[in-house]
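>>> Here's a sequence, model it:
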Amino acid sequence: MPAAPGIPAQSARPAPASAPVSPTPPGRRTAFAEGVDRVRAAATTEPGRLRIIGAVLALLVVAFGAVTAWQSSERAAAADDVLHSSQPLSSGAAAIYRSLADANTTASSGFLAGGQESAASRDRYEKDIRTAASGLVTAAANAEPGSASEATIAKLNRLLPEYKGLIERARTYNRQGYPVGGAYLRYANEKMQTRMLPAAEDLYTKENQRLDADYADATPYPWAAIALGLLALAALGWAQHRTYQRTNRVLNHGLVAGSAATAVVLLWLVVGHTIARSGLDGSYDNGIRSLSVLHDARIASLKARGNENLSLVARGAETITVGGKPYDAYYYDFDKDMAVLGKGLSRAATLADDRAGTTPVKAAEGNMAVWKQRHASARAEDENGNFQQALDKVIGAKGATGECFDSVDANLARAIDHEQAEFQRSAGHGRDAMTGLPVGAAVLAVLGAAGAVAGIGRRLSEYR
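Below is the predicted model of the structure:
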């Protein structure tokens, strides 16, 4: 068909498929470039500048509130974990260790008594086993799936009934007068000392690491929030000063309200976190450190008592060579445990920060001194072949080393209870210092941003 006059003929061939297509037709600009031009043009007028200033101020104040709420929430959650999760689990792990050690000690004492084992001794052993089993259930419920703690707990759950079975066999043969009972008791003690207590100590170490991690999350200063707060206050102050220079009005109510809200949040953040940090640091210095030393001292006393009993059960069957000289293995370990106990009590007395904490520790030191004297007398009788006299001095009704051990254990329990209360009080104060801060910061930040926008809007209305 011929082309119309004055109009060039169009080619019928389509454009090649591979021809590039320009995203923006020639002569047209992108939306972003146009937006930049509009902002630049707006910034050349006072109303435009005011709008930009208002948007920046609102953004800064809201960002400050959001970061404050986020960081204070994280620290408050970590402080709550210290108080209600990681520290109780740490103490629970220590209780598992102590219960296992005490069960082993009580079993050896009952074995020495033979058919004269008291109902109180039997009940104490059973209570220790139940306490350890209950502690393992709690620890398992709070362990992370697939973690090393979970594997340790499973190991202890497997070993505990094996140990209990060995103790029952030892008791049965002992009541019948068969010497093989002593072999079963020593085998049970070996399982406890070489497998169960090291596993319990490993669990205690891991729970302490979790506790330290929670402290590390709860105590650092929220520097990002503080920096944003100072920046927001500086920007609000600059906007107020700029308004004063252009209008000679001393105060802009909206900007003053925004500045006041931001200042309150910043002050609340700094003061609240400082108080929280002080409380948490105090709970660690005056609680956790003392508790750790006291737990170690109590465990050392239990191990010393167990070795003292087992030295009479073995009657020289277990020896060790040190420096070329033979020693009774259990007496040798007893001396090492008493040295650890003495150092622990001395350290605990130094860490105690009040009379209520110092008194039971000092009493335990006195009990330990008497214990060492009575033990030396019992050992002399044993080494001279006077077994019955040695036995009376260890598990006798009066004047025996058992009385001293019980006194040491009771006084250490009192000291632990006191330090636990000190920890809970200080950690509770630290956690409570951040109560309401996340929500309060968010609300005040919104109000502050609204005030800043309202203040700028007041200036804008003067140009209409």
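
>>> Low-confidence ranges, the stretch 351-464 of the chain, go.
463-464 (pLDDT under 70).

>>> Could you pull out the helices in it for me?
355-383, 387-395, 401-432, 437-460 (DSSP state H, counting those that start in this stretch).

>>> what's the spacing between the last one and its chain's center?
Same thing as helix 437-460. Centre-to-centre, helix 437-460 and its host chain are 37 Å apart (C-alpha atoms, centre = their mean, to the nearest Å).

>>> on contacts alone, who are the packing partners of it?
Contact here means 3 or more C-beta pairs under 8 Å, 6 or more residues apart in numbering; DSSP states H and E; on that basis helix 437-460 packs against helix 46-81, helix 223-247, helix 253-283. No exception for glycine: its C-beta is placed from N, CA and C like everyone else's.

>>> now these in a markdown table, with distance to residue 108, mean pLDDT and mean neighbour count?
Formatted as a markdown table, the helices and strands packed on helix 437-460 follow (distance: least, C-beta to C-beta, whole Å; pLDDT from 0 to 100; neighbours: other C-beta atoms under 10 Å):
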| stretch | distance to residue 108 | mean pLDDT | mean neighbour count |
| --- | --- | --- | --- |
| helix 46-81 | 39 | 90 | 20 |
| helix 223-247 | 56 | 90 | 17 |
| helix 253-283 | 37 | 92 | 20 |
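
>>> export those helices to JSON lines and tack on distance to residue 446?
Below are the helices and strands packed on helix 437-460 laid out as JSON lines (distance: least, C-beta to C-beta, whole Å):
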{"stretch": "helix 46-81", "distance to residue 446": "7"}
{"stretch": "helix 223-247", "distance to residue 446": "13"}
{"stretch": "helix 253-283", "distance to residue 446": "9"}
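
>>> between the ones you listed, which one is nearest to residue 453?
Judged by C-beta to C-beta, the one of the helices and strands packed on helix 437-460 that comes nearest to residue 453 is helix 46-81, at 5.3 Å.

>>> Can you name the next helix or strand after that closest one?
Remark: after helix 46-81, the chain's next helix or strand is helix 87-113, criterion DSSP states H and E.

>>> ok, back up a step: export the helices of the stretch 351-464 of the chain as TSV, with columns for mean neighbour count and distance to residue 238.
What follows is the helices of the stretch 351-464 of the chain, written out as TSV (neighbours: other C-beta atoms under 10 Å; distance: least, C-beta to C-beta, whole Å):
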stretch	mean neighbour count	distance to residue 238
helix 355-383	18	53
helix 387-395	18	81
helix 401-432	20	36
helix 437-460	21	12
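
>>> With distance to residue 148 added, can I get those helices in CSV?
Below are the helices of the stretch 351-464 of the chain laid out as CSV (distance: least, C-beta to C-beta, whole Å):
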stretch, distance to residue 148
helix 355-383, 33
helix 387-395, 39
helix 401-432, 26
helix 437-460, 33
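
>>> Spatially central, which residue of the protein would that be?
residue 211 (1.7 Å; C-alpha atoms, centre = their mean).

>>> Give me the spatial nearest neighbour of it, chain neighbours excluded.
Spatial nearest neighbour of residue 211, chain neighbours left out: residue 86 (4.1 Å); criterion: C-beta to C-beta, 6 or more residues apart in numbering.

>>> What count of nearby residues applies to the one you found?
Residue neighbour count, defined by other C-beta atoms under 10 Å, stands at 21 for residue 86.

>>> I figured it hits residue 209, correct?
No: in this structure, residue 86 is not within contact of residue 209 by C-beta atoms under 8 Å, at 9.3 Å.

>>> Against residue 235, how distant is residue 241?
Between residue 241 and residue 235 the distance is 11 Å, computed by C-beta to C-beta, to the nearest Å.

>>> and if you look at residue 346?
Taking C-beta to C-beta as the measure, residue 346 falls 57 Å from residue 235.

>>> For the residue nearest to residue 211, which residues are in contact?
Residue 86 makes contacts with 207, 210, 211, 213, 214, as judged by C-beta atoms under 8 Å, 6 or more residues apart in numbering.

>>> Would you list the phi and psi of residue 320?
Per-residue torsions, residue 320: phi -140, psi 140 (degrees, to the nearest 10).

>>> Assess the claim that it and residue 334 are in contact.
No: using C-beta under 8 Å, residue 320 makes no contact with residue 334, being 12.0 Å away.

>>> higher neighbour count, the two?
residue 334 (23 against 13).

>>> for that one, helix, strand, or coil?
helix (DSSP: H, G, I helix; E, B strand; the rest coil).

>>> Please apply the same query to residue 251.
Classification of residue 251 using three-state DSSP returns coil.

>>> show me what contacts it?
Contact analysis of residue 251 by C-beta under 8 Å, 6+ apart lists residue 240.

>>> let's go with 6 Å and repeat that
If you count contacts by C-beta atoms under 6 Å, 6 or more residues apart in numbering, residue 251 has none.

>>> and what of residue 374?
Contacts of residue 374 (C-beta under 6 Å, 6+ apart): residue 401.

>>> mind redoing it with 7 Å?
Taking C-beta atoms under 7 Å, 6 or more residues apart in numbering, we find residue 374 in contact with 393, 400, 401, 404.

>>> Could you dump the residues you listed into JSON lines and include distance to residue 63?
Putting the contacts of residue 374 into JSON lines (distance: C-beta to C-beta, whole Å) gives the following:
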{"residue": "393", "distance to residue 63": "74"}
{"residue": "400", "distance to residue 63": "71"}
{"residue": "401", "distance to residue 63": "68"}
{"residue": "404", "distance to residue 63": "64"}
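
>>> circling back to that earlier point, gap between the residue nearest to the centre of the chain and residue 96?
15 Å.

>>> what do you get for residue 84?
From residue 84 to residue 96 the distance is 19 Å (C-beta to C-beta).

>>> In terms of neighbours, single out the busier of these two.
The residue with more neighbours, out of residue 84 and residue 96, is residue 96; 29 against 14, by other C-beta under 10 Å.

>>> Setting aside sequence neighbours, what's the nearest residue to the more buried one?
Of all residues not flanking residue 96 in the chain, residue 135 sits nearest, at 4.1 Å (C-beta to C-beta, 6+ apart).
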